[in-house]
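Participant: 3D, please:
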Amino acid sequence: MVTKIAMASPVRIIATASASTDAVAAAWAAIRAVESSCNRFDPSSELSLLNAHSREAVAISPLLCDLVGIALAGYRSTNGRFDPRVLSDLERMGYDRTFRSVDGLGASMADRPERADWTPEFDSKLSLVTLGGERIDLGGVAKGAAADRGLAAMAAMGVHGLIDIGGDGAASGPDEIGAPWSVGVEDPLGGSEPVAVLTLEAGGYATSSTRLRHWKVGGEQAHHLIDPRTGRPGGAGLRSVTVLSASGATAEVEAKGAFLSGAQTIAEYAARRALACLWVDDDGDVGWSEPMAPSLIWMRS
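Facilitator: Residues are numbered from 1 along each chain as shown. The predicted structure follows:
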């Protein structure tokens, strides 16, 4: 196992082959490429340059084009519940710098008018994008895609494994003894032991949680999971939502969409979308959807 830091998170790369040094290096390079392209805090990153010209047609790399495409597909599939256009809302609440520097002096948490439908001009063949005048944040999608791309880089060298980036990640096959991986779900209320352990052989996992990224704005508690309909923190009554999906990137999209459904309707939302989903509410109670049950191997009593 190799542990490093990227995307403001600890990164664990676990390869199942013994002679896997080159494969791990390839995975790490793929992760760093995503980080370099999508860092919204770096004014020279490709995402920052795209956002700076959001009303223009911009030629971007195939990597960034792929991530914008994933975000657009997620926006459409969730009917806008997942929306990457929340960057201005985050900045308005003070999250306009790396989180360690957020000082809680954001200007406002007032509701803003609901945005119009997002209809960017997107040509994946030419890697050409026009955002439509609104800047985007690819944070979670980038993290999931980094895990996916790291695994793909290892698989190209005949090596499989698991990549975890700050508690989210993906696996490309069973572990070194042929068994499924075990993935712990962190307690969003701050407990030292996980609230549950899930089993995963291949695919992605992601948790949307308020445990780490929360701060105060004008005396009100804020967090980074913004409801695109209001511009305010969403997910009333929930502390975290964990989703298993086909890839790390799609797990990120689905986890955020499910979180924003709120405690009152998350069970219905997960059932409607057939999500393997587990959630923790404000009281610490844990719930899960029927598709998650086969992957739930341990629950905290």
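Participant: all the helices of the stretch 101-250 of the chain, residue numbers only.
Facilitator: Per DSSP state H, counting those that start in this stretch, the stretch 101-250 of the chain carries helices over the ranges 139-155, 248-259.
Participant: which elements pack onto the helix-or-strand element of the chain with minimal mean pLDDT?
Facilitator: Among the helices and strands of the chain, strand 214-217 carries the lowest confidence by mean pLDDT, DSSP states H and E, at a mean of 73. Strand 214-217 sits against strand 220-223, with contacts defined as 3 or more Cβ pairs under 8 Å, 6 or more residues apart in numbering; DSSP states H and E. No exception for glycine: its C-beta is placed from N, CA and C like everyone else's.
Participant: low-confidence stretches in the chain?
Facilitator: For the chain, applying pLDDT under 70 flags the ranges 18-19, 96-110, 215, 218-219.
Participant: any idea how far residue 129 lies from residue 146?
Facilitator: Residue 129 sits 20 Å away from residue 146, going by Cβ to Cβ, to the nearest Å.
Participant: between the two, who's got more neighbours?
Facilitator: More crowded of residue 129 and residue 146, by other Cβ atoms under 10 Å: residue 146, with 31 against 25.
Participant: pretty sure that one is touching residue 31, no?
Facilitator: Yes. Residue 146 lies in contact with residue 31 (Cβ atoms under 8 Å); the separation is 4.5 Å.
Participant: any shared contact partners between those two?
Facilitator: Listed as contacting both residue 146 and residue 31 by Cβ atoms under 8 Å, 6 or more residues apart in numbering are 6-7, 163, 165.
Participant: widest-spaced pair of those residues?
Facilitator: For the shared contacts of residue 146 and residue 31, the maximum inter-member distance is 11.6 Å, found between 7 and 163 (Cβ to Cβ).
Participant: between those two, which contacts overlap?
Facilitator: 31, 146.
Participant: mind checking which of those two has more residues around it?
Facilitator: residue 163 (30 against 20).
Participant: quick one: residue 75 from residue 11, how far?
Facilitator: Taken as Cβ to Cβ, the span from residue 75 to residue 11 is 27 Å.
Participant: brain fart, residue 195
Facilitator: Residue 195 is 23 Å from residue 11, where distance means Cβ to Cβ.
Participant: of the shared contacts of residue 146 and residue 31, just say which sits nearest to residue 239.
Facilitator: Of these, the one sitting nearest to residue 239 (Cβ to Cβ) turns out to be residue 165, at 20.6 Å.
Participant: what's near enough to touch that closest one?
Facilitator: Applying Cβ under 8 Å, 6+ apart to residue 165 gives the contacts 6-7, 9-11, 31, 143, 146-147.
Participant: quick one: which of those residues is nearest residue 216?
Facilitator: Using Cβ to Cβ, those come closest to residue 216 at residue 9, 23.2 Å.
Participant: measure that closest one to residue 32 for me?
Facilitator: Applying Cβ to Cβ, the value for residue 9 to residue 32 is 13 Å.
Participant: cool, residue 281 as well?
Facilitator: With distances taken as Cβ to Cβ, residue 281 is found 37 Å from residue 32.
Participant: out of these two, which sits in the busier spot?
Facilitator: Legend: neighbour count by other Cβ under 10 Å for residue 281 and residue 32, higher for residue 281 (20 against 16).
Participant: ok, that one touching residue 259?
Facilitator: No. Contact criterion Cβ under 8 Å: residue 281 and residue 259 do not qualify, at 11.3 Å.
Participant: between the two ends of stretch 125-138, how far is it?
Facilitator: End-to-end distance for stretch 125-138, by Cα to Cα, to the nearest Å: 21 Å.
Participant: which residues does that stretch contact?
Facilitator: Applying Cβ under 8 Å, 6+ apart, the external contacts of stretch 125-138 come out as 38, 40, 47, 50-51, 54-62, 64-65, 67-68, 71, 84-88, 90, 115, 118-123.
Participant: list the buried ones in it?
Facilitator: Within stretch 125-138, the residues that count as buried by 16 or more other Cβ atoms under 10 Å are 127, 129-132, 134-138.
Participant: just checking, residue 23 is part of a helix?
Facilitator: Yes. The assignment for residue 23 (DSSP: H, G, I helix; E, B strand; the rest coil) places it in a helix.
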